[in-house]
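# From the sequence below, what's the structure:
(one chain, ligands or ions: 1)
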Amino acid sequence: MRQHRTPRLLCTLLLVAAASISVVGAAPPTADKTVTPLGQVIPAPASVQAHGTPYRISTDTRIRVEDSSEVRKVGEYLADILRPSTGYRLPVTPSAHGQGGIQLRLGAKGLGAEGYRLDSGRSGITITAAEPAGLFYGVQTLRQLLPASVEEDSTQPGPWLVAGGTIEDSPRYAYRGVMLDVARHFFTVDQVKRFIDEMALYKVNELHLHLSDDQGWRIAIDSWPQLATYGGSTQVGGGQGGYYTKAQYKEIVRYASSRHLEVVPEIDMPGHTNAALASYPELNCDGVAPPLYTGTDVGFSSLCVSKDVTYDFADDVIRELAAITPGEYIHIGGDEAHSTPHADYLAFMERVQPIVAKYGKTVVGWHQLAGASPAPGALLQYWGLDGTDPAEKEQVAAAAQDGAGVILSPADRTYLDMKYDKDTPLGQDWAGFVEVQRAYDWDPGNYLAGVPGSAVKGVEAPLWSETLVTSADIDYMVFPRLPGVAELGWSPASTHDWDTYKVRLAAQAPRWDALGVGYYKSPQVPWTTE
Ligand code: TNX
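So this is what the prediction gives:
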């Protein structure tokens, strides 16, 4: 720590010098470049009032937390981010012991379960919220107000200034999701954790895991062990594949929860089931197991809807999955069931949706479920595009009018596996190219005609992994598009403006650099070279 005394002192002297220059009438000091303007964060906060003097995190700063283990965890999370780069001790102490520093307090009113208030001034920073989740989101805002170098894991010079003023913030939507397809290519627990950390920075709160598909089954099910051991043994391209043991899945759930994300597990049925059909011959109508599949076609597989064993299978899988999933939802897929006759699809969904309810969970399905009878309270995940058959959109609108919730994942806006342009080395293009502006510049509130505003529960950006193998591949497709979708989920529509958004987005790049996150240098974004 000693080596930082001199630069900090120097910096103070320079600030004093700059201040006195302005007194003698030279050019007024421009806004201090080391202080991020209070509103320059993603997602844009609901309300920002800049005033007063910046707070400076220093060697004496304490993180003062309310006496609650959940609040202490948020305090420790903040300390873990700040300590390596600042080099300060930043003890996390009960708030009763003194004033100043960074305070995390419960008790805010009127900001909802996820909202927070952040007050910053010379003597300290106070984040107040009704729940720990709100404090966590306040911490993400604080993080983005600090210089990008705060994300480095070695000591940096600072100074660590946070602009003065007040932010009051709460989300537009309760469901702010991202999906990771671990079926087409398998990603390890550590890779998923890295992904979760990246999402937390943008206040994403739902992690949808696509756990099964034609190419792989990725979760251990004790009553049907071959699903994972055989069905999970390969992936697109024929590589090794893999699956999560129950302990590993619980570790993902725990880690996600420590970042205030809920895991939404998906078992895609009745199509997209070749891995299951290959593992158990009895699930096939002809009793013959097909070979494992490592290509990228869709729509060729189906569970055997007329066999009772199919529902024993669905019951066992959903029961075991529900038992290790504390979250509210189980996603049952239901997309692209091109090999399931329509009447069979209806019959299947009639029998499977009640199983989800029986184990205490709420159904989520891809929007084709609107063509069946969605269970009470079910959420439909809309993944169509501008050119989708209007009749299909009307079906979703009708279901929404009947009480179904809608999650918006329009493929030509939110699909993170779409290429940015024709030269993008990774990804697909069946929904067109999705450049950064296209991903951001739409309004979930009036996107689908006939869907009541109250039926829109939020947005989700799916990342399908047919072409993605490494964490670097993931990062490149996610950044810089995901922050835009996250902002649509969080920020009030009144803040929506591409021209100011793209400047805030450009300001994120040094943070990604510091975090070691690669990204696509979209020509639409005014990246700064510093
Ligand atoms: C469509 S979107 C699919 C997936 C593919 C994806 C590739 C949806 C519900 N189904 O099976 O992976 O396109 O972009």
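
# Now do the buried residues in stretch 273-289.
Judged by neighbour count (16 or more other C-beta atoms under 10 Å), stretch 273-289 contains these buried residues: 273-280, 283-284, 289. Every C-beta, even on glycine, is put in place using the N, C-alpha and C of the backbone.

# can you check stretch 188-200 too?
Here stretch 188-200 shows 189, 192-196, 198-200 as buried, counting by 16+ other C-beta under 10 Å.

# Pick out the residue in the stretch 201-350 of the chain sitting closest to the ligand.
The nearest approach of the stretch 201-350 of the chain to the ligand comes at Asp335, 3.4 Å away (C-beta to the nearest ligand atom).

# That residue touches Gly371, doesn't it?
No. The pair Asp335 and Gly371 fails to qualify as a contact (C-beta atoms under 8 Å) at a distance of 11.2 Å.

# Now do the same for the residue of the stretch 201-350 of the chain closest to the ligand: helix, strand or coil?
Under DSSP: H, G, I helix; E, B strand; the rest coil, Asp335 falls in the coil class.

# and if you look at the one 10 residues further on?
Secondary structure of Tyr345, reduced to three states by three-state DSSP: helix.

# give me the low-pLDDT residue ranges for this protein?
1-33, 96-97, 529-530 (pLDDT under 70).

# need the residues of it near the ligand, please.
Proximity of the chain to the ligand (C-beta under 6 Å from any ligand atom) is limited to residues 298, 335-336, 366, 383, 415, 417, 428, 464, 466.

# Among those, which ones are in strands?
Mapping the residues of the chain next to the ligand onto strands (DSSP state E) picks out Trp366.

# how about the residues of the chain next to the ligand in TSV, adding neighbour count?
Shown next, in TSV, are the residues of the chain next to the ligand (neighbours: other C-beta atoms under 10 Å):
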residue	neighbour count
Val298	14
Asp335	17
Glu336	17
Trp366	24
Trp383	23
Tyr415	26
Asp417	27
Gln428	15
Trp464	23
Glu466	20
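
# what about the residue nearest to the residue of the stretch 201-350 of the chain closest to the ligand when sequence neighbours are not counted, distance to Leu201?
Nearest non-adjacent residue to Asp335, counting by C-beta to C-beta, 6 or more residues apart in numbering: Trp366, 3.6 Å away. Distance from Trp366 to Leu201, counting by C-beta to C-beta, to the nearest Å: 28 Å.

# Likewise for Arg481?
From Arg481 to Leu201 the distance is 14 Å (C-beta to C-beta).

# Which one of these two is surrounded by more residues?
Arg481 (28 against 23; other C-beta atoms under 10 Å).

# Please, which helix or strand holds Thr185?
Quick fix: residue 185 reads His, not Thr. Using DSSP states H and E, His185 sits in no helix or strand.

# Next: Asp80.
helix 69-86.

# what's the answer for Thr126, then?
strand 124-129.

# how close does Gln215 sit to Phe300?
On the measure of C-beta to C-beta, Gln215 and Phe300 end up 12 Å apart.

# More neighbours: these two, which one.
Gln215 (31 against 15).

# Is that one in contact with Asn274, as I believe?
Yes. At 7.4 Å, Gln215 counts as touching Asn274 under the criterion of C-beta under 8 Å.

# Quickly check the buried residues of stretch 273-289 for the two that are furthest apart.
The span of those, defined through C-beta to C-beta, is set by Ala275 and Asn284 at 12.7 Å.

# Give me the phi and psi for Met179.
Main-chain dihedrals, Met179, degrees, to the nearest 10: phi -120, psi 140.

# how many other residues sit next to the residue in the stretch 1-150 of the chain positioned nearest to the ligand?
Residue nearest to the ligand within the stretch 1-150 of the chain: Pro43 (24.5 Å; C-beta to the nearest ligand atom). By other C-beta under 10 Å, the residues close to Pro43 number 29.

# so what's it up against?
Pro43 makes contact with 202-203, 483, 486-487, 489-491, according to C-beta atoms under 8 Å, 6 or more residues apart in numbering.

# need the contact list for the residue of the stretch 201-350 of the chain closest to the ligand.
268, 271-272, 366, 368, 383.

# Nearest residue to Ser522 in space, please, no chain neighbours.
That would be Val436: by C-beta to C-beta, 6+ apart, it lies 4.5 Å from Ser522.

# Go ahead and confirm that neighbour touches Pro523.
No. Using C-beta under 8 Å, Val436 is not in contact with Pro523, being 9.3 Å away.

# Give me the phi and psi for the closest residue to the ligand within the stretch 401-530 of the chain.
The ligand sits closest to Trp464 of the stretch 401-530 of the chain, with a gap of 3.5 Å, by C-beta to the nearest ligand atom. Taking degrees, to the nearest 10, you get phi -80, psi 150 for the backbone angles of Trp464.

# need the contact list for it.
Applying C-beta under 8 Å, 6+ apart, the residues contacting Trp464 are 181, 184, 210, 415, 417, 428.

# change it to 10 Å
179-181, 183-185, 210, 213, 296, 411, 415-418, 427-428, 477 (C-beta atoms under 10 Å, 6 or more residues apart in numbering).

# ditto for Ser69
So Ser69 contacts Pro132 (C-beta under 10 Å, 6+ apart).
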